[in-house]
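# Give the three-dimensional model of this entry:
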Amino acid sequence: HWLKPELIEQTDLMQVKLTLHIHNEPINEPINEPINDPVKPGERESAIIDLLRSEPGITRAKMAEALGCSESTVKRTIQVMVSKNMIRRIGSNKKGEWIIVE
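Next up, the predicted model:
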């Protein structure tokens, strides 16, 4: 059974005391925990170069599987490697291959 608000009477006011405790200790929880990040970026770049040497036409999916990370992680790492002029793409996205700049 529902009570209608006009039927409820408030005879006594209730007082509540709130106390705020502030701790100045740092919290050791990272805000953004790395996901699928078992290899450090320098190591991941080296691993990608090794994979490209063995199979220049390898797909991002196969790289991700070999490295134990996501395809997006491989894509981001490749973008960084291209911006650092470590590798470059020759040919189309479908039939092309990666060239290691040495």
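# Check which helices and strands the helix or strand that Ile78 is a member of is in contact with.
Secondary structure from DSSP states H and E places Ile78 in helix 71-83. With contacts taken as 3 or more Cβ pairs under 8 Å, 6 or more residues apart in numbering; DSSP states H and E, helix 71-83 sits against helix 41-54, helix 60-67, strand 87-90. In short, each C-beta sits where N, CA and C put it, glycine included.
# Tell me which of the ones you listed sits nearest to Val101.
strand 87-90 (6.1 Å; Cβ to Cβ).
# strand partners of the closest one, parallel vs antiparallel please.
Strand 87-90 sits in its sheet next to strand 97-100 (antiparallel), going by DSSP bridges.
# Looking at the helices and strands packed on helix 71-83, which is nearest to Gly96?
Comparing the helices and strands packed on helix 71-83 by Cβ to Cβ, strand 87-90 comes nearest, at 5.6 Å.
# now what about that closest one, what contacts it?
Ile48, Ile49, Leu52, Ile78, Met81, Val82, Gly96, Glu97, Trp98, Ile99, Ile100, Val101 (Cβ atoms under 8 Å, 6 or more residues apart in numbering).
# repeat that for 6 Å
Met81, Gly96, Trp98, Ile99, Ile100 (Cβ atoms under 6 Å, 6 or more residues apart in numbering).
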